[in-house]
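J.: build me a model:
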Amino acid sequence: MRPRSRDKKLKEEWTMSLKSVEDIHDIFMQWCLGKLERNPWSELNGLQAETKIVNEQLGSINLKGFLTINSHPSVNAAKSDSPSVGWGGPGGYVYYKAYVEEFFCSQGQFIRRPIVKIRQTLELNPLYYITSIICKNSISNF
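T.: Numbers count the residues shown, from 1 in each chain. Presented below is the predicted three-dimensional model:
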């Protein structure tokens with residue numbers, strides 16, 4: 001269980017008057033650019049070193065209507081003791097495929113709609129894997 005002091009700081013950063021969907025995109029962008037110290041879905045404070053490699057791109061993606069919650073950059077043969085992307089003991093190498101995990105609201109439309117939006121908005125043709133959890137009448141005040 002996280003400390004109440006962290007919850008208070010989290011509320012201060014993420015609770016504001018949201019008047020539009022664009023306001024939500026903006027707060028996600030602020031997180032990606034490192035302007036907020038914490039987020040509701042992670043116990044860690046601040047951006048992780050590997051996120052800082054792609055944080056400008058993530059900020060841009062959020063402003064275009066995609067709410068990113070998890071990601072990492074592609075890594076090709078970085079040393080395993082690299083401070084930004086390494087893991088494991090020294091002497092090894094790290095390989096990652098880039099990915100972005102995000103919230104989608106289908107609003108009753110087919111799941112292919114997000115892929116069309118990605119292709120049109122970001123001008124990308126990604127490989128993708130989509131999973132869905134359907135929530136009806138979900139309400140939260142944090």
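
J.: all contacts plus neighbour counts: C-alpha atoms, from now on.
T.: Will do.

J.: which ones are touching Leu10?
T.: Contacts for Leu10 (CA atoms under 8 Å, 6 or more residues apart in numbering) come out as Arg38, Asn39, Pro40.

J.: what helix or strand is the second one located in?
T.: In this assignment (DSSP states H and E), Asn39 forms part of neither any helix nor any strand.

J.: give me the number of residues near it?
T.: 20 (other CA atoms under 10 Å).

J.: buried set for the helix or strand hosting Phe28?
T.: Per DSSP H and E: Phe28 is located in helix 21-32. Within helix 21-32, the residues that count as buried by 16 or more other CA atoms under 10 Å are Ile24, His25, Asp26, Ile27, Phe28, Met29, Gln30, Trp31, Cys32.

J.: the first one against Ser17, yeah?
T.: No - contact criterion CA atoms under 8 Å: Ile24 and Ser17 do not qualify, at 9.9 Å.

J.: for this structure, just list every one of the strands.
T.: Assigned by DSSP state E, the strands in the chain fall at 67-72, 75-79, 93-96, 99-103.

J.: in JSON lines: those strands, plus distance to Val85.
T.: Output for the strands of the chain, formatted as JSON lines (distance: least, CA to CA, whole Å):
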{"stretch": "strand 67-72", "distance to Val85": "9"}
{"stretch": "strand 75-79", "distance to Val85": "7"}
{"stretch": "strand 93-96", "distance to Val85": "8"}
{"stretch": "strand 99-103", "distance to Val85": "14"}
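
J.: quick one: which of those strands is nearest Ile53?
T.: Minimum separation from Ile53 across these (CA to CA) falls at strand 67-72, 8.5 Å.
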